[in-house]
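S.K.: structure, please.
(one chain, ligands or ions: 1)
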Amino acid sequence: MQNGAEVTLSQKLLEQRLTRPFKYFDRVESTNDVAKAWLATGAPEGALVLANEQTRGRGRKGRDWHSPPNVALALSLILKPDSAFLPRLNMIAALSVYDLVRECGCEDVGIKWPNDVQVNGLKVSGVLPEAVWEGDQLRGAILGIGVNVRMDFSGSELRHSAISLEAVVKRRLERSELIASLLRRIDYWYAHIASATVYSTWKARLNTLNQAVAVEGVKGVALDVTADGALLIRDEKGHIHQSGTGDLIVYAIDSLDK
Ligand code: BTN
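M.R.: Residues are numbered from 1 along each chain as shown. Down below sits the predicted model:
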């Protein structure tokens, strides 16, 4: 612990900061799973699940998301958007984290398609949106967000791809404050979900366009993104491919010739 600042989040700290209904856990398997269960039993829109530690945090594509105690934000927000706007949840989450990270003082910030926020080219946050359907009715959506606040990646294989906020800003950050700021940004962007501004701002903040990329075996140049958030890639034969989800690998532009 440095400077006597908070290490463990607590119900009390969060009560001082949050006005929405929330459930806080010192340790939980996955906040997204708790949020889904809460949605099923009638959680109101805007309800929030937070944890100081996740023991089975989930990432995109069925991967694990490492959430040790005291070092990250792990939260899941319950939303009830019109189903037409579901593709914008990714954008809203990424934009909100982008704003938070800028507010903290980070300068080299970008969104790597579809929703990773990067600082200095390294991942500081991941987003896992999950829709919950009942037949053809959208019951709600869970917006799961993880932010690396003071994770130590130095001895880990992730050190070349991930970074923590405190390592960039070189000062102690209070997680309950970060959570309150992040929620303010999410409320702002969610209020604009029907506006084309969400798409245009997300697109403007992407650091992926005009890069040489590979997604799900398709290699080419990232040309554009659609209003639904899909990535358009032009391969070396000039064919255009569209990817709605997937893991993006960014290459040096000259690797396309090889
Ligand atoms: C990714 O793979 O980049 C997405 C990671 C999303 C992690 C967050 S942490 C809070 C919420 N609960 C989970 O189990 N996952 C998300």
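S.K.: quick one: neighbours of residue 166, just the number.
M.R.: Residue 166 is flanked by 18 other residues according to other CB atoms under 10 Å. The way it works is simple: take the backbone N, C-alpha and C, and place the C-beta from them, glycine included.
S.K.: got the buried residues for the helix or strand encompassing it?
M.R.: Element membership for residue 166 (DSSP states H and E) is helix 165-169. Judged by neighbour count using 16 or more other CB atoms under 10 Å, the buried positions of helix 165-169 are 165-168.
S.K.: same check on stretch 120-127?
M.R.: Neighbour counts over stretch 120-127 (16+ other CB under 10 Å) mark 122-127 as buried.
S.K.: for the ligand, what's the nearest residue on this protein?
M.R.: Minimum separation of the chain from the ligand (CB to the nearest ligand atom) falls at residue 126, amounting to 2.2 Å.
S.K.: what's downstream of the helix or strand residue 38 falls within, the next helix or strand?
M.R.: If you go by DSSP H and E, residue 38 is part of helix 31-40. Sequence-wise, the next helix or strand downstream of helix 31-40 (DSSP H and E) is strand 48-51.
S.K.: model confidence over the helix or strand just after that next one, on average?
M.R.: The helix or strand immediately downstream of strand 48-51 is strand 72-79, counting by DSSP H and E. Mean per-residue pLDDT for strand 72-79: 98.
S.K.: just list what the next helix or strand after strand 72-79 packs against, helices and strands only.
M.R.: Following strand 72-79 in sequence order, the next helix or strand is helix 87-103 (DSSP H and E). If you count contacts as 3 or more CB pairs under 8 Å, 6 or more residues apart in numbering; DSSP states H and E, helix 87-103 packs onto strand 109-112, strand 116-119, strand 122-134, strand 137-148, helix 175-191, helix 196-205.
S.K.: with mean pLDDT and distance to residue 159 added, can I get those in CSV?
M.R.: Listed next are the helices and strands packed on helix 87-103 as CSV, based on pLDDT from 0 to 100; distance: least, CB to CB, whole Å:
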stretch, mean pLDDT, distance to residue 159
strand 109-112, 98, 17
strand 116-119, 98, 14
strand 122-134, 95, 9
strand 137-148, 96, 12
helix 175-191, 98, 22
helix 196-205, 98, 25
